[in-house]
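**Q** Sequence isn't available, so here's the structure alone:
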């Protein structure tokens, strides 16, 4: 066997060999979550064409939409407590997702009665907030299902070795990311077909296509609830298989099913969640200045208190490694992004239409999928610190193409290559190289949690650590909002009633915004790594 054949076998075929049928139910839930991106592009164009909101407003809304993920902590602990009945939560999450898609369908199709209840912007905000609430509930259950899907015994009922269990957990977490990106790939391909020729259509015809996409999105909640139904069927099959092998029914059920009594309720997780909700409502309803900052600080306080409760279940060495690793990943994910202004520039100045953005989305998803699998040996053999340093430098370098496009690099390259290397070519190449990077950092940490968390608190561990790292995305949105308030970027807004321009396009400060984001993206993670590795919470994971 050649070296290339051995590499292909070790990277791709071995992953397929480690697949288990029990992995399928959580993968279905993860796939539905990833496929929710089917509404991302249509949402961008809907906001740009029909809502008069600023980039700073959208960044602030993204902050609020990210906060439900902090509630994953009490949800994760609840899943551990009601392990036998966790499927009910998936149905609740599916209902919230369906409500969000139904609202957006109504807005896209201009359903008359909705304007009589509240404004289109208010409906849009409600839809944006409902969706993540549904996602976080389903994600908390999917994490628990991903643990349950990894068997601790073979087909004969004999315990698996520690090495076999570790390999299966790593494979399960990798496949979970693959399912997420796979869902994104499928819907990106669907968007390319649905958006074909849309630039030549009339506004009513565009609205009909937007509505059709939101109707298709309603299939996703059905997929996720099908996953939990399949999991229930598989559990019954596993119990029957053990009974047929000679094990009595009670023992078989004890091996397969874990009873809620095995987990003691810790009020801190629910108290912390209640405090988070109370703080958010009090600050939001009271119209307090610096609302987002107060909520973020309060959320971080709650999460840190619950993390302190969590690490008490670990020995001191494991606790230090967990804290150091979490800090590094938090900072890496907390760096700000350019925001909606960059997408508006690409649409207005570079001529990127719906179909081309769908092509970029598909390319990003597919290459992320391939990259995660191809780089699996790197994630298995290198420390998280090494991976974050590598990713930070790579992301910094890959911010240069966007800067080049803003300053007109594509005009020069297009002239030099007879029109081959134009703006779209540069965007495609940038997406091709950058796409795998965002997901890679999380896989080693998820695998570490799956291996080291106490067996009866897996969902709680996943939830608390996910809440901490997802708060980094809220910090990123806050940073994006601040930068968009300093470097103001506006797109042209036309009053549909008069046809007059109410807000003029102004991309003059976008260049400084991109430069600032690139500098922070490189500097912040490297400084965080240096500080952690010079402290008692140094990590070698």
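**A** Okay, I see it. Bear in mind that the values here come from a model prediction, so they are computed numbers and not experimental data.

**Q** what packs against the helix or strand that contains residue 234?
**A** In this assignment (DSSP states H and E), residue 234 forms part of helix 219-244. Contacts defined by 3 or more C-beta pairs under 8 Å, 6 or more residues apart in numbering; DSSP states H and E place helix 219-244 against helix 24-35, helix 87-108, helix 120-148, helix 249-256. Where C-beta positions appear, they are placed from N, C-alpha and C, glycine not excepted.

**Q** any idea of the angle the first one forms with helix 87-108?
**A** Think helix 24-35. Orientation check (axes from the mean of the first three to the mean of the last three C-alpha atoms, to 10 degrees): helix 24-35 against helix 87-108 gives 20 degrees.

**Q** heads up, I number from 53, so please use that
**A** Understood, numbering begins at 53; the last thing we discussed is helix 76-87.

**Q** Following element in sequence after helix 76-87, please.
**A** helix 92-102.

**Q** Now the element after that following helix, going C-ward?
**A** Proceeding N to C from helix 92-102, the next assigned helix or strand is helix 107-118, under DSSP H and E.

**Q** other SSEs contacting that next one?
**A** helix 172-200, helix 343-363, helix 392-400, helix 510-538.

**Q** could you dump these to JSON lines with distance to residue 292 and mean neighbour count?
**A** Converted to JSON lines, these look like this (distance: least, C-beta to C-beta, whole Å; neighbours: other C-beta atoms under 10 Å):
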{"stretch": "helix 172-200", "distance to residue 292": "17", "mean neighbour count": "23"}
{"stretch": "helix 343-363", "distance to residue 292": "36", "mean neighbour count": "18"}
{"stretch": "helix 392-400", "distance to residue 292": "53", "mean neighbour count": "20"}
{"stretch": "helix 510-538", "distance to residue 292": "25", "mean neighbour count": "23"}
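
**Q** With distance to residue 275 and mean pLDDT as extra columns, can I get those in TSV?
**A** Formatted as TSV, the helices and strands packed on helix 107-118 follow (distance: least, C-beta to C-beta, whole Å; pLDDT from 0 to 100):
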stretch	distance to residue 275	mean pLDDT
helix 172-200	10	82
helix 343-363	30	80
helix 392-400	28	78
helix 510-538	21	80
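
**Q** Relative to residue 254, tell me which of those wins on proximity.
**A** Closest of the helices and strands packed on helix 107-118 to residue 254 is helix 392-400, at 18.5 Å (criterion: C-beta to C-beta).

**Q** buried set for the helix or strand just after that closest one?
**A** Moving toward the C-terminus from helix 392-400, the next helix or strand (DSSP H and E) is helix 406-426. Judged by neighbour count using 16 or more other C-beta atoms under 10 Å, the buried positions of helix 406-426 are 406-421, 423-425.

**Q** With stretch 248-265 instead?
**A** Neighbour-count burial for stretch 248-265 flags 250, 258-259, 261-263, 265 (criterion: 16+ other C-beta under 10 Å).

**Q** circling back to that earlier point, so which of the helices and strands packed on helix 107-118 is nearest residue 380?
**A** helix 510-538 (10.3 Å).

**Q** Now do that closest one: which elements does it pack against?
**A** Helix 510-538 packs on helix 107-118, helix 124-133, helix 172-200, helix 343-363, helix 368-386, helix 494-504, helix 562-585, going by 3+ C-beta pairs under 8 Å, 6+ apart.

**Q** Throw the helices and strands packed on helix 107-118 into JSON lines and include distance to residue 94, thanks.
**A** Shown next, in JSON lines, are the helices and strands packed on helix 107-118 (distance: least, C-beta to C-beta, whole Å):
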{"stretch": "helix 172-200", "distance to residue 94": "12"}
{"stretch": "helix 343-363", "distance to residue 94": "27"}
{"stretch": "helix 392-400", "distance to residue 94": "13"}
{"stretch": "helix 510-538", "distance to residue 94": "21"}
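
**Q** Let me know which of the ones you listed is the nearest to residue 132.
**A** Nearest of the helices and strands packed on helix 107-118 (C-beta to C-beta): helix 510-538, 4.8 Å.

**Q** how about a markdown table for the helices and strands packed on helix 271-296, with distance to residue 447 added?
**A** Rendered in a markdown table, the data for these read as follows (distance: least, C-beta to C-beta, whole Å):
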| stretch | distance to residue 447 |
| --- | --- |
| helix 76-87 | 21 |
| helix 139-160 | 30 |
| helix 172-200 | 24 |
| helix 301-308 | 43 |
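
**Q** what's the closest of the ones you listed to residue 368?
**A** For residue 368, the closest of those is helix 172-200, at 24.3 Å, according to C-beta to C-beta.

**Q** Next, the angle helix 139-160 makes with the closest one.
**A** Using the same axes, to 10 degrees: helix 172-200 against helix 139-160 is 150 degrees.

**Q** could you check the angle helix 92-102 makes with helix 172-200?
**A** Using the same axes, to 10 degrees, helix 172-200 lies at 170 degrees relative to helix 92-102.

**Q** Mind giving me the packing neighbours of helix 172-200?
**A** helix 76-87, helix 107-118, helix 124-133, helix 139-160, helix 164-169, helix 214-246, helix 271-296, helix 510-538.

**Q** Tell me which of those helices sits most buried.
**A** With neighbours defined by mean count of other C-beta atoms under 10 Å, none of those is more surrounded on average than helix 124-133, at a mean of 27.

**Q** re the thing from before, could you say which one of the helices and strands packed on helix 271-296 comes nearest to residue 227?
**A** Shortest distance between residue 227 and the helices and strands packed on helix 271-296, using C-beta to C-beta, is found for helix 76-87: 6.1 Å.

**Q** so how far is that closest one off the chain centroid?
**A** Here the centre of helix 76-87 is set off from its chain's centre by 12 Å, with C-alpha atoms, centre = their mean, to the nearest Å.

**Q** now do stretch 124-143
**A** The answer for stretch 124-143 is 20 Å, by C-alpha atoms, centre = their mean.

**Q** Quote the end-to-end distance of that stretch.
**A** Taking C-alpha to C-alpha, to the nearest Å, stretch 124-143 runs 16 Å from one end to the other.

**Q** pLDDT-wise, which helix or strand of this structure ranks last?
**A** helix 489-492 (a mean of 61; mean pLDDT, DSSP states H and E).

**Q** Against residue 478, how distant is residue 464?
**A** 11 Å (C-beta to C-beta, to the nearest Å).

**Q** Please apply the same query to residue 117.
**A** In terms of C-beta to C-beta, residue 117 sits 30 Å off from residue 478.

**Q** Thanks a lot, see you next time.
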